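Visitor: quick one: sequence and predicted model below, then my questions.
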Amino acid sequence: MHKLMLTGALLMLTGCAGFGLPFHDPSQAWIDLDSRQEDTTLQALEVDDKAANDKRYFQVPPGSHELTVRYQFPVQPTNIGPDAETLWRDCQLNVKYNEFNAGERYQLQAGNIGFRPWAKLYNQQRKVIGQGTPAGCQGT
């Protein structure tokens with residue numbers, strides 16, 4: 001019985017590992033996504049106008065690339081009016097950077113101030129190397 005439980009646990013761990021992030025290809029740059037506020041969603045949409053392979057991160061060859069992300073966030077009633085309800089925004093932002101390096105990890109963070117979304121691209125030393133430009137928003 002103990003062996004059966006141990007085998008089952010190992011199979012579950014193996015199955016869960018299949019849903020994690022893939023290994024970082026050292027010949028490419030890796031861009032992690034991080035939304036800075038609770039109840040938000042940040043997703044990879046496109047690299048150079050082509051659909052991203054995975055919504056959780058970007059992995060790009062060295063050089064210049066334009067990244068498009070989708071950022072969904074709530075606008076609190078305090079930013080709208082006294083009788084308002086929370087309003088959800090669904091926005092796209094573009095971040096262009098000319099010097100992605102092979103083997104390096106970057107982080108793309110997004111947040112908002114009221115109705116306005118923002119995005120910043122950081123290098124491995126946590127230096128801001130790029131900023132997002134809004135590409136359109138919708139209220140939901």
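Guide: Nice, I can see it. Numbering: from 1, shown residues only.
Visitor: quick check: buried residues in stretch 64-83?
Guide: His65, Leu67, Thr68, Val69, Arg70, Tyr71, Gln72, Phe73, Pro74, Val75 (16 or more other C-beta atoms under 10 Å). From N, CA and C alone the C-beta is placed, and that goes for glycine too.
Visitor: what's the average pLDDT for it?
Guide: Stretch 64-83 carries an average pLDDT of 88.
Visitor: helices of this structure, start to end?
Guide: Remark: helices assigned in the chain by DSSP state H are 2-17.
Visitor: geometric centre of it: which residue is closest?
Guide: The chain has Leu33 as the residue nearest its centroid, 2.9 Å off, counting by C-alpha atoms, centre = their mean.
Visitor: skipping its backbone neighbours, what lies nearest that one in space?
Guide: What sits nearest to Leu33 in space, not counting adjacent residues and going by C-beta to C-beta, 6 or more residues apart in numbering, is Leu42, at 4.8 Å.
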